[in-house]
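# need a 3D model of the following:
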Amino acid sequence: MATITRTSAARAHANGIELCWDSFGDVDAPPMLLIMGLAAQMIAWPDAFCERIAERGFRVIRFDNRDIGLSTRFDAAGVPNIGAALAAAMQGKPVDAPYRLSDMAADAFGLLDALRIGRVHVVGASMGGAIAQTMAIERPERLLTLTSIMATTGEPGLPPPTQEAMGVLLKAPATTLDGCIESYAQTWKVLRAGSFPDDEALDRERAEQVFARGLNPPGVARQLAAVLASGSRKAALRSVRVPTLVLHGDADPLVPLACGVDTAESVPGARLVVLRGMGHALPISCWPRLVDEIARHAA
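I've put the predicted structure just below:
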């Protein structure tokens, strides 16, 4: 296997804030931006996963979204009332939130500006998929391709998470290392929706890395409020002409497969690939298929 060049983590000024980022692969290769989901730091795109995509001829860039990891935190905005936000969203009422997915999309464009990247392949998972969709809606000229993984259009009436997955989403956050390790394993046992020994063996190490970079429970609440406040993208996605790939697991307990089907049906010409046995996670056993689909779509 060829040695993949990678940069150390750095901070970039983007959209008036600072984002922590790093990259894998040749700096002159076609750029691919990976956007992670709710409560997830950039390391939720594992190094080895990023290296596999870089081996296919891309410069892979990942970053911490605002309010997570080592990027700017919005502590002055306070902690939103998630119960009230969920109730308002379910009733179709406006949701009070300190920022929206459009702001997070603007962060991503700001990072590209800071890195002097014009057009880019964008890959987003879960909330990151919603941010990627928003980028394609708002500034399609900046996207070469869009890959939306285990994401939804946000359209009301789609199947909700399972009760167990919703419980994981709303449970009290861990504040200690031991608590973080235990919570991490419990969370991913639910979200993976099956037995994945290779990943389970890494849960402790991954939780330690997350804890070392810093937890920010109020930031997670603000991110969730942003998702709820942003509403449906379904109608706007009908105007998207960016070549689009939708990847979704058929065992997803948090964003059920119907949400991925809806995404693919909403974007003209989008291609849907269903991964059998995959839940709301990127398990190691699915990497060969995921990497191949992402790389072939971008190529």
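# report the helix or strand with the lowest average pLDDT across the protein.
helix 82-90 (a mean of 88; mean pLDDT, DSSP states H and E).
# what's in contact with that one?
For helix 82-90, contacts defined as CB atoms under 8 Å, 6 or more residues apart in numbering pick out 94-97, 170, 221, 224-225, 228-229. In this view, the C-beta of every residue, glycine as well, is placed from N, C-alpha and C.
# pull out the buried positions in stretch 103-113.
103-112 (16 or more other CB atoms under 10 Å).
# from the chain's centroid, how far away is the least confident helix or strand of the chain?
In this view, helix 82-90 has its centroid 22 Å away from the chain centroid, taken as CA atoms, centre = their mean, to the nearest Å.
# for the biggest helix by length in the chain, what is the average pLDDT?
For the chain, the helix that runs over the most residues, judged by DSSP state H, is helix 177-192. Regarding helix 177-192, the rounded mean pLDDT is 96.
# try stretch 222-229
This predicted structure assigns stretch 222-229 an average pLDDT of 96.
# list the buried ones in the helix or strand where Gln209 lies?
Per DSSP states H and E, Gln209 falls inside helix 203-213. Residues of helix 203-213 classed as buried: 203, 206-207, 210-211, 213 (neighbour count, 16+ other CB under 10 Å).
# same check, this time on stretch 91-99
95, 97-99.
# in helices only, show me those residues.
Per DSSP H, helices hold no members of those.
# which one of those residues is nearest Glu265?
Val95 (25.4 Å; CB to CB).
# what's the nearest residue to that closest one if we skip its chain neighbours?
Using CB to CB, 6 or more residues apart in numbering and skipping the chain neighbours, the partner closest in space to Val95 is Ala229 (3.9 Å).
# is it true that the one you found touches Asp96?
Yes - counting by CB atoms under 8 Å, Asp96 is a contact partner of Ala229 at 7.3 Å.
# what number of residues lie near Pro288?
Using other CB atoms under 10 Å, Pro288 is surrounded by 10 other residues.
# do you know how far it is from Arg52?
Note on Pro288: its distance to Arg52, by CB to CB, to the nearest Å, is 8 Å.
# got it, and Trp21?
For Trp21 relative to Arg52 (CB to CB), the value is 19 Å.
# got phi/psi on Arg11?
phi -120, psi 140 (degrees, to the nearest 10).
# equivalent analysis for Cys50, please.
Main-chain torsions, Cys50, degrees, to the nearest 10: phi -60, psi -40.
# before we move on, what about Leu247?
Leu247 adopts backbone torsions of phi -110, psi 130, taken as degrees, to the nearest 10.
# shouldn't it be in contact with Ala132?
No - using CB under 8 Å, Leu247 is not in contact with Ala132; the gap is 11.7 Å.
# joint contacts of those two?
Shared contacts of Leu247 and Ala132, counting by CB under 8 Å, 6+ apart, come down to 147-148.
# neighbours of the closest residue to Val267 other than its chain neighbours, how many?
Spatial nearest neighbour of Val267, chain neighbours left out: Thr244 (4.5 Å); criterion: CB to CB, 6+ apart. Around Thr244 there are 25 other residues, counting by other CB under 10 Å.
# okay, now the residue lying closest to Pro140 once chain neighbours are set aside: neighbour count?
Using CB to CB, 6+ apart and skipping the chain neighbours, the partner closest in space to Pro140 is Val242 (5.2 Å). Neighbour count for Val242, taken as other CB under 10 Å: 22.
# roughly how far does Val242 sit from Arg119?
Noted for Val242: a distance of 10 Å to Arg119, by CB to CB.
# ditto for Ser148
Counting by CB to CB - Ser148 and Arg119 are separated by 18 Å.
# looking at the two, which one has more neighbours?
More neighbours surround Ser148 than the other of Ser148 and Arg119, with 31 against 13 (other CB under 10 Å).
# what sits against that one?
Residues counted as contacts of Ser148 (CB under 8 Å, 6+ apart) are 124, 129, 132-133, 244-247, 260, 263.
# now pLDDT, secondary structure and distance to Cys180 too, for the residues you listed, in CSV please.
As requested, the contacts of Ser148 are arranged in CSV below (pLDDT from 0 to 100; DSSP: H, G, I helix; E, B strand; the rest coil; distance: CB to CB, whole Å):
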residue, pLDDT, secondary structure, distance to Cys180
Gly124, 98, strand, 25
Gly129, 98, helix, 25
Ala132, 98, helix, 28
Gln133, 98, helix, 30
Thr244, 98, strand, 35
Leu245, 98, strand, 33
Val246, 98, strand, 32
Leu247, 98, strand, 28
Gly260, 98, helix, 30
Thr263, 98, helix, 32
